[in-house]
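Enquirer: pasted the sequence and its predicted model underneath.
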There are 2 protein chains.
Amino acid sequence: MSQGERPRAVHVIVDGWAVSTKQLIDGRRQIVNFLVPGDLCATNIYILDRADHALAALTHARVASIGAADFEAMMAASPRIARALWWNELSAASVQREWTTSLGQRNAYERIAHLLCELYMRLHAVGLTQRGGCEFPITQNDLADATGLTSVHVNRTIQQLRHDGLIELHDKRLIPNDIKRLAEAGLFHPDYLHLAPSIHGG
Amino acid sequence: MSQGERPRAVHVIVDGWAVSTKQLIDGRRQIVNFLVPGDLCATNIYILDRADHALAALTHARVASIGAADFEAMMAASPRIARALWWNELSAASVQREWTTSLGQRNAYERIAHLLCELYMRLHAVGLTQRGGCEFPITQNDLADATGLTSVHVNRTIQQLRHDGLIELHDKRLIPNDIKRLAEAGLFHPDYLHLAPSIHGG
DNA sequence: CGAGAAGTTGAAGCGTGTCAAATGCAGTGG
DNA sequence: CCACTGCATTTGACACGCTTCAACTTCTCG
């Protein structure tokens, strides 16, 4: 999906990673969210005009699409589903506020620590961590676009995190060696993710 | 409403200004949105656990509250209202993404120009502009907390905007002298606000 | 008329950006 | 199997936007 396009369907990431991005007219690009398996996106089929952000796959990814009509029918048919969709939208908004806060208040080191924490926790919540680590196909360039830093500075900051024993990061895998200290370093507090309630509403 | 509190009601700003803020454990504060008359907030009564952000009045303000039960009844009773509320939530999310982009990609000058543009347009959309200007009760300190800058640098940047003839800002009033150039300076494109459709859905 | 909040100013320092080049690594084709 | 290509990562030197600190001024309002 491209920025400015009229969205036609709701997408669910089945497999793989994707990003949601916004682009300024002069080309600067901001990644506004990472999407991992289980994540919904483009719920804004309700907003009739153009999409304000773009979606792109980071890895080879499988994506399920639900047409607008089906989506609305689903919402109408089951209050339980409607509620779950509300819940999903609201917790996505909460994550977006946390990103705003990160970019506004945290420095490079805290920002990256926080982002790594968030992604690890989100993957953990959907059972996608193994042996204390997780897949991590994000390039330092993408991290730069997500954190509002340059890739050069991202590189230096990651080296610092490694040196401080907080993470291992290589071969597209992230291992938070000391997730507690990583969370402290990033002033990370998982509440904003609103995780845990696998069954919600009713 | 405080961060960490269990939200009880949906609020509507009837009159006056408010802010939605997030605070880090060490005290740093980020303003994640400004709320002007007509704005809804704390729709997250659906998220059962704690509020991830706080609400505070900036000026003397009148606020209407809708209890959770009434709110849900309203949604259930009228698909039209439900749809409007969805629309409201989705466009709020869009604004939040734009803020993320601002903090990540725009420099101080662009950031402030963009924010002033946004607020002016939002006020304009609800008929709260007069003679090419609008009320502007936001202190430079608040602007700093919203843009992730220091108040000192906000001050200098505003002086620059004044000097460049883009705005007048005094006595709690903002006058965008040249809104077109201000928008250009802030790389502002109003699409993300999803304004205009006063009657929506159906 | 006094006191606190908001706005303004100057000088110095630091975090992050910029530019440029080197290195490593995976895929491709000869 | 090796040259070739392109992308991701790493490194160094230098520049600059923004912060910090501290003082001063101007407003607001009881």
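Expert: Here it is on my side, so go on. Owing to the predicted nature of the structure, the values given are computational and were not obtained by experimental measurement.

Enquirer: helix/strand/coil for A:Trp52?
Expert: Slight slip there: residue A:52 is Asp, not Trp. coil (DSSP: H, G, I helix; E, B strand; the rest coil).

Enquirer: cool, and A:Pro37?
Expert: coil.

Enquirer: and the helix ranked longest in chain A, does that touch chain B?
Expert: With secondary structure taken from DSSP state H, chain A has its longest helix at helix A:79-105. Yes - judged by Cβ under 8 Å from any Cβ of the partner chain, helix A:79-105 comes into contact with chain B at A:79, A:83, A:86-87, A:89-94, A:96-101, A:103-105. The way it works is simple: take the backbone N, C-alpha and C, and place the C-beta from them, glycine included.

Enquirer: which residue is the nearest non-sequential neighbour of the spatially most central residue of chain A?
Expert: By Cα atoms, centre = their mean, chain A has its centre lying nearest to A:Phe34, at 2.9 Å. Leaving aside its sequence neighbours, A:Phe34 sits nearest to A:Val19 (Cβ to Cβ, 6 or more residues apart in numbering or on different chains; 5.8 Å).

Enquirer: residues in contact with the closest residue to A:Arg6 other than its chain neighbours?
Expert: Spatially, and ignoring its direct neighbours in sequence, A:Arg6 is nearest to A:Arg50 (6.1 Å; Cβ to Cβ, 6+ apart). Residues counted as contacts of A:Arg50 (Cβ atoms under 8 Å, 6 or more residues apart in numbering or on different chains) are A:3-6, B:191.

Enquirer: separate out the buried members of those.
Expert: A:Gln3 (16 or more other Cβ atoms under 10 Å in any protein chain shown).

Enquirer: what is the nearest of the contacts of A:Arg50 to DNA strand D?
Expert: Taking Cβ to the nearest atom of the strand as the measure, DNA strand D lies nearest A:Gln3 of those, at 20.8 Å.

Enquirer: let me see the contact set for that closest one.
Expert: A:Gln3 touches A:21-23, A:50-54, counting by Cβ under 8 Å, 6+ apart.

Enquirer: distance check, the closest residue to it other than its chain neighbours against DNA strand D.
Expert: Spatial nearest neighbour of A:Gln3, chain neighbours left out: A:Ala54 (4.4 Å); criterion: Cβ to Cβ, 6+ apart. Between A:Ala54 and DNA strand D the distance is 17 Å, computed by Cβ to the nearest atom of the strand, to the nearest Å.

Enquirer: same question for A:Trp87.
Expert: For A:Trp87 relative to DNA strand D (Cβ to the nearest atom of the strand), the value is 34 Å.

Enquirer: how does chain A divide into domains?
Expert: According to automatic domain parsing, chain A comprises the domains A:9-77, A:105-193.

Enquirer: quick one, which of these gets closest to DNA strand C.
Expert: Between DNA strand C and those, the tightest spacing by Cβ to the nearest atom of the strand is seen for domain A:105-193, at 3.2 Å.

Enquirer: can I get the domains of chain A in CSV with mean pLDDT?
Expert: Formatted as CSV, these follow (pLDDT from 0 to 100):
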stretch, mean pLDDT
domain A:9-77, 91
domain A:105-193, 97
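
Enquirer: format the ones you listed as a markdown table; extra columns: distance to B:His60.
Expert: Listed next are the domains of chain A as a markdown table, based on distance: least, Cβ to Cβ, whole Å:
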| stretch | distance to B:His60 |
| --- | --- |
| domain A:9-77 | 33 |
| domain A:105-193 | 28 |
